[in-house]
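Peer 1: predicted model and sequence below, questions to follow.
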Amino acid sequence: MGKEITARAQDYSQWYLDLVKKADLAENSDVRGCMVIKPYGFSIWEKMQQGLDKMFKDTGHVNAYFPLFVPKSFLAKEASHVEGFAKECAIVTHYRLKNAEDGSGIMVDPDAKLEEELIVRPTSETVIWNSYKKWIQSYRDLPLLINQWANVVRWEMRTRLFLRTTEFLWQEGHTAHETAKEAKDETLQMLNVYADFAENFMALPVYKGKKTESEKFPGAVDTYCIEGIMQDGKALQCGTSHFLGQNFAKAFDVQFAGRDGKLDHVWGTSWGVSTRLMGALIMAHSDDDGLIVPPRLAPIHVVIVPIFKTDEEYEQITKVANQVKKDLQEKGYSVKYDNRNTHKPGFKFAEYEMRGVPVRITIGPRDLASGAVEVARRDTKEKASMKLEELVSQIPVLLEDIQKSIYQKALAFREQMTTHVDSYDDFKKVLDTKGGFVLAHWDGTTETETKIKDETKATIRCIPLEGSMEKGKCVVTGKPSEQRVLFARAY
RNA sequence: CGGGGUGUAGCACAGCCCGGCUAGUGCGCUACGUUCGGGACGUAGAGGUCGGAGGUUCAAAUCCUCUCACCCCGACCA
């Protein structure tokens, strides 16, 4: 009672909000535009961090931490960068409060005005390149491969939990290299890391591609991205990787002595994913009963629910449950035995389904008698009977199967929702009736891109790096096109 | 920044137009009992300066003025 969520078919965005709340992932804070990530939601984010962090380390990166505050003068050094972020910066102007003279509370002390205002970082390129200037003198100092886990602030007008909040959590990698090629390779390497993560951990197939001139990161030479599709047919950018050229090196005068003894500016990259991935995870897989979490990101892999009436039954069941729990934990799985006596089994079933726990084991008197238990999988809601002695060997197999099956379902959906079109009429028709990704030819101009965006609300999500590269004619102007590009209405 | 809306118990809301006894309902919460293989039920409780300030009135959640806050819809963004 009172736990149901709005059906997807009825109101997708309400479904999303209900789910975030009922699955206990996050809630709106009284601080405008900011969210409170609740323990269960945060534990999923931690699993994401762990997976990504290992992949960063495995590719030679190290973690560090740079300041939250960016002096205004830093931000101003790279022209297109400052222009891109100027409209959404939070600014610290004072450093002290005092009691109001009329007794009405506290006020900003006008005498404590900062000499130079500090910007709360919307991203850290400038602060980091300011350090790199001091750290890099020679080609021997390169490459510099650093990542940081941090919060950033972008003063958005409209926010949605996880998808767009004023403050969000992310990681940002910032690297410096000796040659353009090395930096470009790094950019693509990290793009591939993100794509692997999305597919193997999040079970979310993504398209990899390059952003158009108008969609790229302010300050970058090239921006690459991974794009996923949500169940309502809208696209979501899930990660970006930028080739910065020498833009920040020049802005911050970061030069190194090369092997030939000559000075040159270093080549940079930056790349990031954020708590927006939580939004992607939710919208890609979940259903009207709640969250569906792929096992590799699930904070709890298996929940055991006891069913009992008497104390004797409870004791017998608990003995078995604790053994199962111990055995599975020894194999590296996270298991919860929910022995609360304050909630009924049916309530617990619904609760763990809402939270997307991949596997539920139910143990009751009947099971003790038969030596088998009921095992239910969250993704398909199928139930099966499994012999007690087989649990330890079969649960891992089941979890692996769930991981794959969630991915396969998402992949099939994406394939079904990716449409090739060859005329502007079809383009509009597909967007209005079916949605999803549209692969169409485009003449490569910003004018055409803008026209399409104004008329259809669809944007070029990316110029795909893979897939058929056949030439054709722009669906709007008929001018020649080198390859199809990926359009969609997006979050 | 434009347009629309809402502030009443922890949450969701009714009451307001047409002022009048002790401000209600559902969920949640507490206690006890019966329940327990798909979101239990009964009984008894706790919980409110009706967003704030001022005004009209014998009397204001309700009418008037001001103010604050938040939410939703449009142009920008991970």
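Peer 2: Happy to help now that I have it.
Peer 1: got any ranges where chain A has weak pLDDT?
Peer 2: By pLDDT under 70, the weakly predicted segments of chain A are A:1-3, A:102-105.
Peer 1: biggest helix in it by residues?
Peer 2: Taking DSSP state H as the criterion, chain A has its longest helix at helix A:391-416.
Peer 1: helix or strand for the residue nearest to the spatial centre of chain A, which one?
Peer 2: Geometric centre of chain A, nearest residue: residue A:277, 1.7 Å, by Cα atoms, centre = their mean. Assigned by DSSP states H and E, residue A:277 belongs to helix A:276-285.
Peer 1: likewise for residue A:373?
Peer 2: Residue A:373 belongs to strand A:372-377, assigned by DSSP H and E.
Peer 1: then the helix or strand that that strand is followed by to CSV, C-alphas only?
Peer 2: On the C-terminal side of strand A:372-377, the nearest following helix or strand under DSSP H and E is strand A:383-387. C-alpha atoms of strand A:383-387 as CSV (Å, rounded to 0.1, in the frame of the first residue of the first chain):
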residue,chain,number,x,y,z
LYS,A,383,11.1,-18.4,-9.8
ALA,A,384,12.7,-21.8,-9.7
SER,A,385,13.3,-24.4,-7.1
MET,A,386,17.0,-25.1,-6.3
LYS,A,387,18.5,-27.8,-4.1
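Peer 1: sheet partners, orientation included, of strand A:383-387?
Peer 2: With DSSP bridges as the test, strand A:383-387 is paired with strand A:372-377 (antiparallel).
Peer 1: the partner strand vs helix A:391-416, what angle?
Peer 2: If you take axes from the mean of the first three to the mean of the last three Cα atoms, to 10 degrees, strand A:372-377 sits at 20 degrees to helix A:391-416.
Peer 1: quick revisit: correct me if wrong: the residue nearest to the centre of chain A contacts residue A:206.
Peer 2: No - assessed by Cβ atoms under 8 Å, residue A:277 is found out of contact with residue A:206, at 11.0 Å. For every residue, glycine as well, the C-beta is placed using N, CA and C.
Peer 1: between these two, which contacts overlap?
Peer 2: residue A:238 (Cβ atoms under 8 Å, 6 or more residues apart in numbering).
Peer 1: re the thing from before, buried residues in the longest helix of chain A?
Peer 2: Of the residues in helix A:391-416, A:391-392, A:395-396, A:398-399, A:402-403, A:406-407, A:409-410, A:413-414 count as buried by neighbour count, 16 or more other Cβ atoms under 10 Å.
Peer 1: what two of those residues are the furthest from one another?
Peer 2: Greatest spacing in the buried residues of helix A:391-416, by Cβ to Cβ: A:392 and A:414 (35.0 Å).
Peer 1: returning to that earlier point: and after the longest helix of chain A, which helix or strand comes next?
Peer 2: That would be, after helix A:391-416 and using DSSP H and E, strand A:418-420.
Peer 1: list of residues touching the following helix or strand past that next one?
Peer 2: Per DSSP H and E, the first helix or strand lying C-terminal to strand A:418-420 is helix A:424-433. Identification of contacts with helix A:424-433 by Cβ under 8 Å, 6+ apart yields A:419, A:421, A:436, A:438, A:440, A:452, A:455-458, A:475-476, A:487, A:489.
Peer 1: show me how chain A divides into domains.
Peer 2: A:12-68+A:122-285, A:295-397, A:418-488 (automatic domain parsing).
Peer 1: what's the end-to-end length of the longest one?
Peer 2: It refers to domain A:12-68+A:122-285. 13 Å (Cα to Cα, to the nearest Å).
Peer 1: wondering if that domain reaches RNA strand B at all.
Peer 2: Yes - using Cβ under 7 Å from any atom of the strand, domain A:12-68+A:122-285 reaches RNA strand B at A:13, A:28, A:30, A:32-33, A:154, A:156-158, A:160, A:163-166, A:168, A:170, A:217, A:225, A:237, A:240, A:272, A:274-276.
Peer 1: in helices only, show me those residues.
Peer 2: Among those, the ones falling in helices (DSSP H) are A:13, A:276.
Peer 1: and the residues of domain A:12-68+A:122-285 next to RNA strand B, which of them are in strands?
Peer 2: Secondary-structure check on these using DSSP state E: residues within strands are A:28, A:168, A:170, A:225, A:237, A:240, A:272, A:274.
Peer 1: isn't the last one right up against residue A:165?
Peer 2: Put plainly, it is residue A:274. No - assessed by Cβ under 8 Å, residue A:274 is found out of contact with residue A:165, at 9.4 Å.
Peer 1: so residue A:47 belongs to a helix, correct?
Peer 2: Yes - counting by DSSP: H, G, I helix; E, B strand; the rest coil, residue A:47 is part of a helix.
Peer 1: neighbours around the residue nearest to it when sequence neighbours are not counted, how many?
Peer 2: Ranked by Cβ to Cβ, 6 or more residues apart in numbering and with sequence neighbours excluded, the top spatial neighbour of residue A:47 is residue A:297, at 4.6 Å. Applying other Cβ atoms under 10 Å, we find 23 other residues in the vicinity of residue A:297.
Peer 1: contacts only, for residue A:297.
Peer 2: Contacts for residue A:297 (Cβ under 8 Å, 6+ apart) come out as A:44, A:47, A:48, A:51, A:201, A:202, A:281.
Peer 1: for RNA strand B, what are the nearby residues on the stretch 301-450 of chain A?
Peer 2: So far as Cβ under 7 Å from any atom of the strand goes, the stretch 301-450 of chain A lies against RNA strand B at A:307-309, A:344-347, A:349-351, A:353-354, A:362-368, A:373-374, A:376, A:381, A:383.
Peer 1: from memory residue A:470 sits against residue A:483, does it?
Peer 2: Yes - distance between residue A:470 and residue A:483: 7.1 Å, which falls inside the contact criterion (Cβ under 8 Å).
Peer 1: more neighbours: these two, which one.
Peer 2: Per other Cβ under 10 Å, whichever of residue A:470 and residue A:483 has more neighbours is residue A:483, with 16 against 10.
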